[in-house]
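Engineer: the sequence isn't on hand, but the structure is:
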């Protein structure tokens, strides 16, 4: 297998390691990106901090100082800004190598501005695709130097290898490559945190809407019972029914429509005496009212 193929395989394996990290569980396909974007739209602006840059005192020149520290003008989140800058540094180095060795610049899919306002896994796949074709250019430009590079190197080994190179563009490309892998992982973690937060809010919203619908339905049942002036505490009856229905809806409904007095007792003192008050209220009258209430609730569609 050619060295460039080994590196390409190594890049793909490192991306798979990011996806397989137990801390990260990004959606499996790009179709979830659009749905997630809509879900996050209501609160992601307030959650995502603007990228900030700070001036630091001058320090001795180091290899890592070759990476441009200026943040992109587009206002990304912190993780997205780091990834956008690392990618731009990598492409700048590849462009310089292309000009230096008179090699054609490969076609690229990723646009750093697409990270605004937030990272999505589909963007990570585009970045990795771009890195693969750029590594082919690097091997074409420096076949002898890169032949000594172990494709299974760790991040630290990649950086140590870059330390020994004399070509600054190749150094910057390798440094930026390592930074891209690190920044993609950070963005994946942030993405998953936002996804879980959005999922929690969606569940909370659904529960609240269900609660509201349940409360409104209870009110409709209560008002309907009160309008008929049945000799029973309508609020107690319906509230107890709904509590029971949350555990066993069919059984609760059966009781409601056949023996509602199980949820609230019949108030005999509110039953009107028959025969113009000549006949006193008896337990049989309470049983009759119980059946009347059950029959009414069976027909009620509240």
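Structural biologist: That came through, no problem. Values in this document were obtained by computation on a predicted structure and should not be read as measured data.

Engineer: any weak-confidence spans in the stretch 151-300 of the chain?
Structural biologist: Counting by pLDDT under 70, the stretch 151-300 of the chain shows low-confidence ranges at 274-279.

Engineer: mind running it again at 90?
Structural biologist: Confidence mapping of the stretch 151-300 of the chain against pLDDT under 90 gives the ranges 151-152, 211, 246, 268-286, 300.

Engineer: can you show me the strands along it?
Structural biologist: Along the stretch 151-300 of the chain, no segments are classed as strands by DSSP state E, counting those that start in this stretch.

Engineer: all helices of it, in order?
Structural biologist: Along the stretch 151-300 of the chain, the segments classed as helices by DSSP state H, counting those that start in this stretch run 155-163, 168-227, 234-245, 249-258, 283-299.

Engineer: to residue 78, which of those helices lies closest?
Structural biologist: Using C-beta to C-beta as the criterion, the shortest distance between residue 78 and the helices of the stretch 151-300 of the chain is 8.5 Å, found for helix 168-227. C-betas here are computed from N, CA, C, even on glycine.

Engineer: give me the distance from that closest one to the chain's centre.
Structural biologist: Averaged C-alpha coordinates place helix 168-227 at 4 Å from its chain's average position (C-alpha atoms, centre = their mean, to the nearest Å).

Engineer: for it, packing partners?
Structural biologist: Contact here means 3 or more C-beta pairs under 8 Å, 6 or more residues apart in numbering; DSSP states H and E; on that basis helix 168-227 packs against helix 3-20, helix 31-40, helix 44-47, helix 78-101, helix 121-141, helix 155-163, helix 234-245, helix 283-299.

Engineer: can you redo those helices as TSV with mean neighbour count and distance to residue 190?
Structural biologist: Converted to TSV, the helices and strands packed on helix 168-227 look like this (neighbours: other C-beta atoms under 10 Å; distance: least, C-beta to C-beta, whole Å):
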stretch	mean neighbour count	distance to residue 190
helix 3-20	16	13
helix 31-40	15	12
helix 44-47	12	10
helix 78-101	20	5
helix 121-141	20	12
helix 155-163	15	19
helix 234-245	18	42
helix 283-299	15	52
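
Engineer: any chance of TSV for these, columns distance to residue 266?
Structural biologist: Putting the helices and strands packed on helix 168-227 into TSV (distance: least, C-beta to C-beta, whole Å) gives the following:
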stretch	distance to residue 266
helix 3-20	64
helix 31-40	50
helix 44-47	55
helix 78-101	66
helix 121-141	62
helix 155-163	78
helix 234-245	10
helix 283-299	4
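
Engineer: nearest to residue 209, of these?
Structural biologist: Counting by C-beta to C-beta, and looking across all of the helices and strands packed on helix 168-227, nearest comes helix 31-40 at 15.3 Å.

Engineer: isn't residue 271 right up against residue 231?
Structural biologist: Yes. The pair residue 271 and residue 231 qualifies as a contact (C-beta atoms under 8 Å) at a distance of 4.8 Å.

Engineer: quick one: common contacting residues for the two?
Structural biologist: In the contact map built from C-beta atoms under 8 Å, 6 or more residues apart in numbering, the residues linked to both residue 271 and residue 231 are residue 289.

Engineer: the two - which one has more neighbours?
Structural biologist: Neighbours were counted for residue 271 and for residue 231 using other C-beta atoms under 10 Å; residue 231 has more, 19 against 16.

Engineer: you'd agree the more buried one is up against residue 266?
Structural biologist: Yes. Taking contact to mean C-beta under 8 Å, the distance of 5.8 Å between residue 231 and residue 266 places them in contact.

Engineer: which residues do the two both contact?
Structural biologist: Contact criterion C-beta under 8 Å, 6+ apart; residues bridging residue 231 and residue 266 by contacting each: residue 289.

Engineer: span of stretch 157-169 from start to end?
Structural biologist: Using C-alpha to C-alpha, to the nearest Å, the end-to-end distance of stretch 157-169 comes out at 18 Å.

Engineer: now swap in stretch 240-259 and tell me
Structural biologist: 13 Å.

Engineer: and residue 198, how far from residue 261?
Structural biologist: 47 Å (C-beta to C-beta, to the nearest Å).

Engineer: so these two - more neighbours on which side?
Structural biologist: A side-by-side neighbour count of residue 198 and residue 261, using other C-beta under 10 Å, places residue 198 first with 21 against 17.

Engineer: I'd like the distance between the more buried one and residue 192.
Structural biologist: If you go by C-beta to C-beta, the gap between residue 198 and residue 192 works out to 11 Å.

Engineer: what's the answer for residue 124, then?
Structural biologist: Going from residue 124 to residue 192 by C-beta to C-beta gives 12 Å.

Engineer: repeat for residue 169
Structural biologist: Counting by C-beta to C-beta, the gap from residue 169 to residue 192 is 35 Å.

Engineer: sounds good, over and out.
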